[in-house]
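Visitor: Predicted coordinates and the sequence they were generated for:
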Amino acid sequence: MTDTTVLTAHQAAAAPETSRVAPTCLIGAAVLFAAAWYLMPVAGETDAQEIFRIVTPQRGAVLAAAIVQLVAATIYVPAMIGIIRNTASPLASKVWRPASILIVGTLGLATDAIDHLLSYAMTAPGVDQGAQVQVMEFMQGPALLLIVPLLASFFVGAVWLSVSYAKAGEISRWNPALYVVALIIAVGGAVLVSTTGVVEARPVGVATLWTVAAAQLWLGFALWRKRSTREVIRD
């Protein structure tokens, strides 16, 4: 038996376990991502004083949201590594790039969660919030620009991953279409918030991010179903 044969046999044996990790972690990460934004009392708001006004009476929720988002960011990593390592998949050569980009994007999720922790600390009892406004303005301005490429990587990787699976017929084309829906909600909602004041920023932000989470949850369940089907056929 050659080294190549042994390596191939090892990859085939590891593939089911690897493919089991990916959908499980992706489902868990998507659920936690949605939960974090359900808990977060402020979304889509960049005005420092408004952030302090909203966060101050709901500091516990902000802390919980930040912790849940950090956990979600962590779980996305093994989900994507599982997809990349599943070399037995016919899509192996097409999904490792978007999966890698999404991993980069988890750095943005983690950084965003730390930003939420910062707002939690800045609104602690006894802290002079007036003295913190300038710092928060920096975090919501120049510092945010540094984080945006990382956050963009998360969404770009997620969209690209869904498109790759949809093109291969592994999932409905309506799955990547959910990201278009999320974009419409975000842009249309932002216009309504800024021009009419009828809609608040938080519902728009939450609806946008829940739509993204729904697309990822759908993909996770689709991968799980495909894994179960292939194991039944193989048995």
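Guide: Okay, I see it. Numbering: from 1, shown residues only.
Visitor: Which element is encountered next along the chain beyond the helix-or-strand element of the chain with minimal mean pLDDT?
Guide: One helix or strand of the chain scores below all others by mean pLDDT, DSSP states H and E: helix 3-39, with a mean of 72. Where DSSP states H and E defines the elements, the next helix or strand beyond helix 3-39 is helix 48-55.
Visitor: packing partners for that next one?
Guide: helix 92-122, helix 129-139 (3 or more Cβ pairs under 8 Å, 6 or more residues apart in numbering; DSSP states H and E). In this view, the C-beta of every residue, glycine as well, is placed from N, C-alpha and C.
Visitor: so how far is whichever helix or strand comes after it off the chain centroid?
Guide: Of the helices and strands lying after helix 48-55 in sequence (DSSP H and E), the nearest is helix 59-85. In terms of Cα atoms, centre = their mean, to the nearest Å, the centre of helix 59-85 is found 8 Å from the chain centre.
Visitor: got the buried residues for helix 59-85?
Guide: Buried residues in helix 59-85, counting neighbours by 16 or more other Cβ atoms under 10 Å, are found at 59, 61-73, 75-76, 78-85.
Visitor: Now the closest residue to Glu50 other than its chain neighbours: phi and psi?
Guide: The spatial neighbour of Glu50 that comes closest, neighbours along the chain excluded (Cβ to Cβ, 6 or more residues apart in numbering), is Val42 at 7.9 Å. The phi and psi values for Val42, taken as degrees, to the nearest 10, are phi -130, psi 130.
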